[in-house]
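Engineer: let's see this in three dimensions:
(chains A and B)
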Amino acid sequence: MLYLYDGALDVPNILKTWYEAEASSNYGAYIPFVGTVRDESQIEGLSFDIYEPILKSWFITWEQKAKEKGAIIKMAHSRGDVMLHESSYIAAVFSPKRRVALEFIDAFVEDFKASAPIWKYDLKNGKRIYASDRSTALNGSGILGVKK
Amino acid sequence: MVKVEFLGPIQKEPLELEITNLKQLADILQKDEELAQWLENSAVAVNDTLVRSLDFELKENDKISLLPPVCGG
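Structural biologist: Below is the predicted model of the structure:
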């Protein structure tokens, strides 16, 4: 399941809710990854834009990959502003055995970074500044810029 | 008529254009100086599916999206 929230994530509540939802599903492993905003580069926080139609279709392909391994994937992400030491991202895998979940969370988070249509901005002096230096062009980018 | 939208940090209002393929779109957008920095690193989706070639015919009411470099998490 994919969950989008305005502002920071309520991490304890989300982790607890997900844990309880699968408590009797007979999964042996629950591996969450939580992304928290660090105090660095004089930022006040981060801000996010999400393009939901493509995020949802991308996530469905990962749900199918999880299903093929007998696992499930859950993800939560923030829209808008998330301040220092708050969290904007949680991904979690449930699987029958640990090895599948450990490998799956790694592959999922890496592809999330490269493929999820989400844009990050630094909040500095009350301004929203696109984090271009940390951003990755999607596969197939640049076709409109090719000169004839 | 097709609609072109610019996502994330590309600060540009949507366009409505009378075009029938993505090559025509490239020709039009390359004339727009404020888009110069984005065309080389943005991906293109038609009706929310990413496309990887300009050899793509467009239909009436198609929605085209430009997706600049991403950074979730």
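Engineer: and A:Phe108, that's in a helix?
Structural biologist: Yes: assignment of A:Phe108 by DSSP: H, G, I helix; E, B strand; the rest coil places it within a helix.
Engineer: mind pulling up the pLDDT for it?
Structural biologist: pLDDT for A:Phe108: 98.
Engineer: list the contacts of it.
Structural biologist: A:Phe108 makes contacts with A:Trp62, A:Ile73, A:Ala91, A:Val93, as judged by Cβ atoms under 8 Å, 6 or more residues apart in numbering or on different chains. The C-beta positions use only the backbone N, C-alpha and C, and glycine is treated the same way.
Engineer: one more pass at 6 Å, please.
Structural biologist: Counting by Cβ atoms under 6 Å, 6 or more residues apart in numbering or on different chains, A:Phe108 touches A:Trp62, A:Ala91.
Engineer: next, count neighbours for A:Pro96.
Structural biologist: By the criterion of other Cβ atoms under 10 Å in any protein chain shown, A:Pro96 has 15 neighbours.
Engineer: so it sits against A:Gly28, correct?
Structural biologist: Yes: assessed by Cβ atoms under 6 Å, A:Pro96 is found in contact with A:Gly28 at 5.4 Å.
Engineer: do a quick rundown of the helices in chain B.
Structural biologist: Under the criterion DSSP state H, chain B contains helices at B:22-29, B:36-39.
Engineer: for chain A, which of these is the nearest?
Structural biologist: Closest of those to chain A is helix B:36-39, at 3.5 Å (criterion: Cβ to the nearest Cβ).
Engineer: list the buried residues in stretch B:28-37.
Structural biologist: By neighbour count on 16 or more other Cβ atoms under 10 Å in any protein chain shown, the buried set for stretch B:28-37 is B:Leu29, B:Gln30, B:Leu35.
Engineer: can you add distance to A:Ile54 and pLDDT and give those back as JSON lines?
Structural biologist: Output for those, formatted as JSON lines (distance: Cβ to Cβ, whole Å; pLDDT from 0 to 100):
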{"residue": "B:Leu29", "distance to A:Ile54": "20", "pLDDT": "97"}
{"residue": "B:Gln30", "distance to A:Ile54": "24", "pLDDT": "97"}
{"residue": "B:Leu35", "distance to A:Ile54": "20", "pLDDT": "95"}
